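> I need the structure of the sequence given here:
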Amino acid sequence: MSLKSNIKPIVYGVFNVAVGCGIVFANKAVLSVFNFKFVYALTLVHTIVTMVGMWIFAATGIFEIKRFKALQVAPLAAAFVGYVVFWNLSLQMNTVGFYQLSKIMVLPSVAGLECLITGRRLTRMECAAIALVVLGVVLATVTDSEVGTNFLGMVLSVAAILFSAVYQVWIGTKQKELEAGSMQLMHQYTPWATGLLAVLVPVFEPVGFTDPAPGTILGFTYTFASVTAIAGSAILGLLVSWSTFLMIGATSGLTFNVIGHLKLIIVLAGGVAFFGDQMPPKKFAGVCIALAGIAWYSFQGLQKKSPPPSKAADTEMAAKSEEKQPLVNGPDGKTVLRKEAA
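As a prediction, this is how the structure comes out:
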């Protein structure tokens, strides 16, 4: 291949890595550095930006609009809100490293849920790969001092993992049921998610309508830096979805998986460099084992699709192994951009 033919995949890959890692650090900065503790409100801002972004993408012809009945997409919107809120609560309560390690557990959770709901059967090699992932996460987290002292953070992470698994399985089943692409679904369920969050914000967080005192959303001291961070994290959420869509279309599923693992490593390293996370030898060994398990599981999935390999098959497996960031409507995005790239 010529250098010119490789430029587009390289640019898309770098773009996806940058925004995928950037949103984790941006969200952590908003929640911990600027102390904007209002997770529901932050999620609402992200969802509004994503909703507007989907309108723009549809208007520019990136995907074709497809309408669905309310009952067909409202449950998906609820699952989306649940997983996004819990992941950001987890990010607020935990270190970046523990948060990212918790996200690795989505893979075995999705596999188990698919076995229960769809009747899928895992091969022995797939089970072995998942066991390796679990072993690595356990080894990495038992060395984390916060595991024994931050019970609430652990509970929030477990809830986020469960909601993520439900959301991702539902995304896949809804795409088949409605014969729709992920962006078509996102275009339809984000207004419902926005409405649900608009109701949840005043229920769970102090807005300060009558008394905008410190500690309320309206009483928060909004500086140029904090507003920029909030807006930037919301825009990054939309860009993750878009960059994933572009990259899946320009590369193979194997490349997409490798880049997903690279983002995981960068986020873990960033947690150590910028937020004071610890990386003792046992934790590092656990991370390596978990990464090996993910790579093994992904490789088996890609092998099932060959020979001969197809772009659609690569895309589907890539989507299944890329985990979405919180406040990001794309996979991570994971299953979110599956159909459009086929």
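> Show me where the stretch 201-342 of the chain dips below the pLDDT cut-off.
244-245, 247-264, 273, 275-277, 298, 301-342 (pLDDT under 70).
> List the contacts of the closest residue in space to residue 72 that isn't next to it in sequence.
Nearest residue to residue 72, sequence neighbours excluded (CB to CB, 6 or more residues apart in numbering): residue 178, at 6.4 Å. Backbone N, C-alpha and C define where each C-beta goes, glycine included. Listed by CB atoms under 8 Å, 6 or more residues apart in numbering, the contact partners of residue 178 are 66, 68, 72, 185.
> and the residues you listed, which are buried?
Using 16 or more other CB atoms under 10 Å as the burial test, these include 68, 72, 185 as buried.
> how near is the first one to residue 235?
The reference is to residue 68. In this view, residue 68 and residue 235 are 27 Å apart by CB to CB, to the nearest Å.
> Kindly report the same for the last one.
In this structure, residue 185 and residue 235 are 21 Å apart, going by CB to CB.
> Figure out the helix or strand that the residue lying closest to residue 24 once chain neighbours are set aside lives in.
Take residue 24 and drop its neighbours on the chain: the residue closest to it by CB to CB, 6+ apart is residue 267, 5.2 Å away. For residue 267, the element it lies in under DSSP states H and E is helix 253-275.
> Same check on residue 63?
Counting by DSSP H and E, there is no helix or strand that carries residue 63.
> Same check on the one 4 residues further on?
Assigned by DSSP H and E, residue 67 falls within no helix or strand.
> where in the stretch 1-150 of the chain is pLDDT low?
For the stretch 1-150 of the chain, the stretches flagged by pLDDT under 70 are 1-6, 118, 141-150.
> can you map out the helices along it?
Along the stretch 1-150 of the chain, the stretches classed as helices by DSSP state H, counting those that start in this stretch are 3-28, 39-59, 70-93, 96-104, 106-117, 124-142, 146-149.
> Same check on the stretch 151-300 of the chain?
Counting by DSSP H, counting those that start in this stretch, the helices of the stretch 151-300 of the chain are 151-178, 182-204, 224-250, 253-275, 281-304.
> how about the ones you listed in CSV, adding distance to residue 136?
Formatted as CSV, these follow (distance: least, CB to CB, whole Å):
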stretch, distance to residue 136
helix 151-178, 15
helix 182-204, 29
helix 224-250, 25
helix 253-275, 12
helix 281-304, 3
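> mind checking which of these is nearest residue 82?
helix 151-178 (4.2 Å; CB to CB).
> Quick one: mean pLDDT for the closest one?
Mean pLDDT, computed over helix 151-178, is 84.
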